[in-house]
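Trainee: got a sequence here, can you model it:
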Amino acid sequence: MTKTAATKLDDAFGTARSCLHAMRLMTETIFQGSGKDYCSLLTMIDGAERAINDAQAVADTLLEDRRC
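Mentor: Numbers count the residues shown, from 1 in each chain. You can find the predicted model right below:
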């Protein structure tokens with residue numbers, strides 16, 4: 001079965017979120033919850049998650065507009 005554009009986008013966003021989750025877990029393990037590098041990495045991960053969420057919202061709007 002051929003994937004729709006919406007499914008491809010959802011898959012891509014899901015993959016990106018999974019990668020960031022793995023990075024968060026790795027950061028917790030390596031730095032054990034402390035240090036400047038720990039805080040910097042978590043700040044970057046949080047920013048990437050916000051960007052993904054923003055992109056998801058835009059994609060959802062575009063796909064919804066396309067259906068109308």
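
Trainee: center of the protein - which residue?
Mentor: Geometric centre of the chain, nearest residue: R17, 3.4 Å, by CA atoms, centre = their mean.

Trainee: now it, what are its backbone angles?
Mentor: phi -60, psi -40 (degrees, to the nearest 10).

Trainee: which ones are touching it?
Mentor: E49, I52 (CB atoms under 8 Å, 6 or more residues apart in numbering). Glycine gets a C-beta too; all of them are placed from N, C-alpha and C.

Trainee: ok, it to A51 distance?
Mentor: 11 Å (CB to CB, to the nearest Å).

Trainee: shared neighbours, these two?
Mentor: In contact with both R17 and A51: no residue, using CB under 8 Å, 6+ apart.

Trainee: can you give me the helices in this protein?
Mentor: With DSSP state H, the ranges of helices along the chain come out as 5-31, 36-67.

Trainee: average pLDDT across the first one?
Mentor: Helix 5-31 shows an average pLDDT of 95 in the prediction.

Trainee: then the last one?
Mentor: Mean pLDDT, computed over helix 36-67, is 93.

Trainee: which strands or helices does it pack on?
Mentor: helix 5-31 (3 or more CB pairs under 8 Å, 6 or more residues apart in numbering; DSSP states H and E).

Trainee: now do the buried residues in the helix it packs on.
Mentor: Within helix 5-31, the residues scored as buried using 16 or more other CB atoms under 10 Å are L9, D10, F13, A16, L20, T27, F31.

Trainee: contacts only, for A16.
Mentor: By CB under 8 Å, 6+ apart, the residues touching A16 are A48, I52.

Trainee: if you set the cut-off to 10 Å instead, what comes out?
Mentor: Neighbouring residues of A16 by CB atoms under 10 Å, 6 or more residues apart in numbering: A48, E49, A51, I52, A55, Q56.
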